[in-house]
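predicted model and sequence follow; I will ask about them next.
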Amino acid sequence: MESELSRRALLRGVVGAGLVVGAGLHTATPALAVPAPSVVSCADWSARPARSTPQLLGHKPTVLTVHQTESPNSTDYSKAHAYSLARSVQNHHMNNNGWIDSGQQFTISRGGHVLEGRHRSLAALKGGKQHVLGAHVGGHNTTHIGIENEGTYHTATPPEQLWTSLVAMCAYICQQYGIKVVNIRGHRDYNSTDCPGNKLYSMLPKLRQDVSKLLR
């Protein structure tokens, strides 16, 4: 009888321990609030090789900077056009600005396609602990991650497809890096420029609000 009771007690202990371990595992790996958006890598849009390896910094960015490409407001919303846009931006930044690669970490086309800008940015974002040094905000690139939005938004409103992708991408970046929503800012907040355009800049409060809803 004693051995039977001991065996039952042992089983109860094992089951109880299993429940505790199971509960611990469940709370240690919570589901992310914002799923990773679909992002086209540099390899997939046929980016040129960077002139030198983009620097990977050992800290997270603290500010998310919104830009406009100040290119025509194309009505071609295709993925092929988005790829062409990314190559055009990279060529301009490397050939005209003398940078090693695209200056910004990510680009969004008017059709809502999200593309990696500077090499290594997508892998760094997925890891959530390191930041690729860009060249999009003078004097602040060690702490800023940037998104170029295709088009010119001094008076025009971004198309719905672009806006939806911008909100989702900003929310994912804020989640991955722990960036405060209040730190979603415009390029003009830091440099002497009219970027990201008067209209898009005026929409940044709504952008922060929409991002906050996804992060709840």
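Great, that's in hand. Numbers count the residues shown, from 1 in each chain.

what separates Ile147 from Pro158, distance-wise?
According to Cβ to Cβ, to the nearest Å, Ile147 and Pro158 sit 12 Å apart. Every residue, glycine included, has its C-beta placed from N, CA and C.

so who does the residue nearest the centre of the chain touch?
The chain has Ile173 as the residue nearest its centroid, 3.9 Å off, counting by Cα atoms, centre = their mean. Going by Cβ atoms under 8 Å, 6 or more residues apart in numbering, Ile173 touches Leu64, Leu125, Ile145, Ile179.

low-scoring pLDDT stretches of this structure, where are they?
Scanning the chain for pLDDT under 70 picks out 1-32.

what ranges do the strands span in it?
Assigned by DSSP state E, the chain shows strands spanning 39-40, 56-57, 63-68, 106-108, 114-116, 131-132, 144-149, 184-186.

tell me which of the ones you listed is the most buried.
With neighbours taken as mean count of other Cβ atoms under 10 Å, those reach their highest mean count in strand 106-108, at a mean of 29.

what helices or strands is it leaning on?
On a contact count with 3 or more Cβ pairs under 8 Å, 6 or more residues apart in numbering; DSSP states H and E, strand 106-108 meets helix 79-91, strand 114-116, strand 144-149, helix 160-177.

can you list the residues that contact that strand?
For strand 106-108, the surrounding residues in contact (Cβ under 8 Å, 6+ apart) are 39, 69, 82, 85-86, 89, 114-117, 121, 145-150, 162, 165-166, 169.

in its sheet, what does that strand sit against?
Strand pairing for strand 106-108, using DSSP bridges, gives strand 114-116 (antiparallel), strand 144-149 (parallel).

and those: which comes nearest Lys129?
strand 144-149 (13.2 Å; Cβ to Cβ).

what angle sits between the closest one and helix 79-91?
130 degrees (axes from the mean of the first three to the mean of the last three Cα atoms, to 10 degrees).
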